[in-house]
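S.K.: Test case, fold it:
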Amino acid sequence: MGTVVDTMSASEATHCQLLCTQHPLCHFFMFSTQKYTDSKDRFKCELKQTSSGEPLAKAQIPNVTSGYSLLPCPDLYPNVAFIQSNYRLLFTPDALECQRVCTHDPDCSFFTWTSPQHKDQASRLMCSLMFSWKVPRIRRVELVDRATSGFNDKKDFRISNVITDCAVTLLSDTDFRQGSTLLSKEPAVSPGHCQTLCSAHPLCTHYTYDRPYCYILQRTNSASTNSAGLISGVPSRFCQQDSSWVTELYPGLAFPGSNIKMVNVDDVEGCRKACSETPPCRFFTVNIKNSNISVPLRGFCFLKAVLTVPAPEKIQEVENMVSGFSLRGQ
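M.R.: Numbering: from 1, shown residues only. All right, here's what the predicted structure looks like:
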């Protein structure tokens, strides 16, 4: 028992748990299986919370599966270091205070704290805050004439909950890469997509879009160069971005990998519909039937998904270091 913060559809209990894990307010969930008595509630995933993070009461209900979010992870991990670029460094008296700082910083996903016994005196008591992408990213993008790709337009790619619309300022034929530190080079389908990625990175101050890549930059000086065809801009974190790029189709682009399902469809809209009706699907690529591609692959729609659960790039065993995760949502 608890307060329902959202109700969604899920294919199975593990899918419901993943939805709970990725919801900022969910502590635990209740999933009604396909054998649940009331047919209209089958496959229903209720995301819940309480002030304590624990259910107020527990009861046995046939054909219902319940469980907890996989996050937050309240444990601290001694002698463990999360190896990833940090975006903020500060000093705290202990690991718990470092975790509290991480929890109150909306960009922080996890941290590593260095104890007073660490051999490097300069890094003792250092709290390194690290971020993990909260928006789905395309792992790869390729220019393929026969393919068309797109996104699940029912998914939320917003960075901000503020309802005020952003002013759209795009600088055509402008390259900000000179005089900037490259934070990340990400596949992107449009300048709008690139702006979304820049806005999701806590250190991004500017971006340059050179199809099909988004250069996420931290400006070190005001230098820019004229470059035909390139588009640059700045992040928008405290207003509602134009998300029309999510509803567009992108002929000539393919998103290799990240496949969760392959279906045969008659056209591109059929593929988009299949993605929208498959909860984990974030984006898709379809091979057009009238293309020169080999007959067995014509008309096949590849549904794709990526996880946004916080995960360090690498974890190492290191003495006198403590790591952990943000407790945001607990």
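S.K.: what are the ranges of the helices in this protein?
M.R.: 13-22, 95-104, 191-200, 268-276 (DSSP state H).
S.K.: for the second one, packing partners?
M.R.: For helix 95-104, the contact count by 3 or more Cβ pairs under 8 Å, 6 or more residues apart in numbering; DSSP states H and E identifies strand 110-114, strand 126-130, strand 314-325 as packing neighbours. (Each C-beta comes from the backbone N, C-alpha and C, glycine too.)
S.K.: do that again at 6 Å, thanks
M.R.: strand 110-114 (3 or more Cβ pairs under 6 Å, 6 or more residues apart in numbering; DSSP states H and E).
S.K.: next one: the strand it packs on to chain centre, how far?
M.R.: Distance of strand 110-114 from the chain centroid (Cα atoms, centre = their mean, to the nearest Å) equals 21 Å.
S.K.: What of stretch 182-193?
M.R.: With Cα atoms, centre = their mean, you get 14 Å for stretch 182-193.
S.K.: Same check on stretch 140-155?
M.R.: Worked out by Cα atoms, centre = their mean, stretch 140-155 lies 18 Å from the chain centre.
S.K.: same thing with stretch 59-69?
M.R.: For stretch 59-69, the separation from the chain centroid amounts to 28 Å (computed by Cα atoms, centre = their mean).
S.K.: Dump it to PDB, keeping only the CA atoms.
M.R.: Output in PDB follows, covering the C-alpha atoms of stretch 59-69 (Å, rounded to 0.1, in the frame of the first residue of the first chain):
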ATOM      1  CA  ALA A  59      -1.400  -8.400   1.400                       C
ATOM      2  CA  GLN A  60      -1.400 -11.500  -0.800                       C
ATOM      3  CA  ILE A  61      -3.300 -10.900  -4.100                       C
ATOM      4  CA  PRO A  62      -3.600 -13.700  -6.700                       C
ATOM      5  CA  ASN A  63      -1.800 -13.000 -10.000                       C
ATOM      6  CA  VAL A  64      -0.100  -9.800  -8.700                       C
ATOM      7  CA  THR A  65       3.600  -9.300  -8.500                       C
ATOM      8  CA  SER A  66       5.200  -6.500  -6.400                       C
ATOM      9  CA  GLY A  67       8.700  -5.400  -5.700                       C
ATOM     10  CA  TYR A  68      11.000  -2.500  -5.200                       C
ATOM     11  CA  SER A  69      12.800   0.000  -7.400                       C
END
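S.K.: hmm, who's touching it?
M.R.: For stretch 59-69, contacts defined as Cβ atoms under 6 Å, 6 or more residues apart in numbering pick out 13, 17, 20-21, 26-28, 30-33, 35-36.
S.K.: hang on, the earlier thing: buried deepest among the helices of the chain, which one?
M.R.: helix 191-200 (a mean of 25; mean count of other Cβ atoms under 10 Å).
S.K.: what is the rounded mean pLDDT of that one?
M.R.: Mean per-residue pLDDT for helix 191-200: 93.
S.K.: Off-centre distance for it?
M.R.: With Cα atoms, centre = their mean, you get 12 Å for helix 191-200.
S.K.: Would you confirm that Phe131 contacts Pro106?
M.R.: No. Phe131 lies out of contact with Pro106 (Cβ atoms under 6 Å); the separation is 9.6 Å.
S.K.: higher neighbour count, these two?
M.R.: Ranked by neighbour count (other Cβ atoms under 10 Å), Phe131 and Pro106 place Phe131 first, with 23 against 12.
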